[in-house]
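1. Sequence plus predicted model, see below.
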Amino acid sequence: QKEVEQDPGPLSVPEGAIVSLNCTYSNSAFQYFMWYRQYSRKGPELLMYTYSSGNKEDGRFTAQVDKSSKYISLFIRDSQPSDSATYLCANTDRGSTLGRLYFGRGTQLTVWP
Amino acid sequence: EADIYQTPRYLVIGTGKKITLECSQTMGHDKMYWYQQDPGMELHLIHYSYGVNSTEKGDLSSESTVSRIRTEHFPLTLESARPSHTSQYLCASSDLLAGDGPGELFFGEGSRLTVL
């Protein structure tokens, strides 16, 4: 069983739409939940992260974690063509001072004008 | 913008050749990583380093080797490239998140290797 499951899409939405990206995970020890964004031909970059359960908002982006169902979501409001990228969820446990992350496959998002 | 650089960005090479993928960072990070990324697949950790003279294999078995002689430099070497090594290789270094989190990974732009 994979540590992190993520639907690769692709997902195509019109500009202004609300986008929902999701992951599930299997390891109950995971406490840090991150979303990385990867533009074409670039390396991933950290978009936002949450610790334990709950919501975190940053501008148009909201990250949500439900540890009871091991379900992670990223919502993008008022999506823009510049949001077109692959979004990777990544998780790790509290004890991972190494910084080792378990990544999902990424969801490819296209926002068309 | 992250100060981590990978060269070459693209490499096409014949079977049996020795190749070295270079990775350098100017942020002074102790932790560095190599990930392998294939289209539509997860990033897999193949090597990591806590600091100078410290290297370990990651979760995904790899025939490549790494070295860490200087803090800023973490090259990856394949002694004899094969078509199965065709992939994108991403180098990263990490800093601490606020609190005692696992650290934010800063990635290079990747080295796309094709072995014919």
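-> Yep, it's here. Numbers count the residues shown, from 1 in each chain, chains lettered A, B, ... in the order given.

2. okay, now the one residue in chain A that gets nearest to chain B: neighbour count?
-> At 3.0 Å from chain B, A:G43 is the closest residue in chain A, using CB to the nearest CB. In short, each C-beta sits where N, CA and C put it, glycine included. Other residues lying near A:G43 total 22 when counted by other CB atoms under 10 Å in any protein chain shown.

3. do the same with the one 10 residues further on
-> Using other CB under 10 Å, the number of residues around A:S53 comes to 12.

4. Surely it touches A:K70?
-> No: distance between A:S53 and A:K70: 10.6 Å, which falls outside the contact criterion (CB atoms under 8 Å).

5. The spatially closest residue to A:Y102 that is not a sequence neighbour: what's it in contact with?
-> Across the structure, with CB to CB, 6 or more residues apart in numbering or on different chains as the measure, the residue nearest A:Y102 apart from its sequence neighbours is A:E3 (4.0 Å). By CB atoms under 8 Å, 6 or more residues apart in numbering or on different chains, the contact set of A:E3 is A:Y25, A:S26, A:N27, A:N91, A:Y102.

6. Go ahead and confirm A:R100 touches B:Y48.
-> Yes: between A:R100 and B:Y48 there is a contact at 7.2 Å, judged by CB under 8 Å.

7. Now do the shared contacts for the two.
-> Contact with both A:R100 and B:Y48 is made by residues B:G58, according to CB under 8 Å, 6+ apart.

8. who has more neighbours, the two?
-> B:Y48 (24 against 19).

9. What are the buried residues along stretch A:76-90?
-> A:I76, A:S79, A:D83, A:S84, A:A85, A:T86, A:Y87, A:L88, A:C89, A:A90 (16 or more other CB atoms under 10 Å in any protein chain shown).

10. among those residues, which are in helices?
-> By the criterion of DSSP state H, membership of these in helices covers no residue at all.

11. Output these in a markdown table; the columns should cover distance to B:T114 and pLDDT.
-> Supplementary listing: the buried residues of stretch A:76-90 in a markdown table, determined by distance: CB to CB, whole Å; pLDDT from 0 to 100:
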| residue | distance to B:T114 | pLDDT |
| --- | --- | --- |
| A:I76 | 34 | 97 |
| A:S79 | 34 | 97 |
| A:D83 | 30 | 97 |
| A:S84 | 26 | 97 |
| A:A85 | 24 | 97 |
| A:T86 | 21 | 96 |
| A:Y87 | 26 | 97 |
| A:L88 | 23 | 96 |
| A:C89 | 28 | 94 |
| A:A90 | 27 | 91 |
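
12. Widest-spaced pair of those?
-> With CB to CB as the measure, no two of those lie farther apart than A:S79 and A:A90, at 21.4 Å.

13. hmm, back to that, CSV please, covering the contacts of A:E3 and showing secondary structure and neighbour count.
-> Formatted as CSV, the entries for the contacts of A:E3 read as follows, by DSSP: H, G, I helix; E, B strand; the rest coil; neighbours: other CB atoms under 10 Å in any protein chain shown:
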residue, secondary structure, neighbour count
A:Y25, strand, 23
A:S26, coil, 13
A:N27, coil, 14
A:N91, strand, 26
A:Y102, strand, 22
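
14. contacts for the host helix or strand of A:V65?
-> When secondary structure is defined by DSSP states H and E, A:V65 falls within strand A:61-66. Under the criterion CB under 8 Å, 6+ apart, residues A:33, A:35, A:47-50, A:52-57, A:71-77 lie in contact with strand A:61-66.

15. Same check on stretch A:85-92?
-> A:3-4, A:6, A:21, A:23, A:25, A:27, A:30-40, A:44, A:47, A:72, A:74, A:99-109, B:43, B:102.
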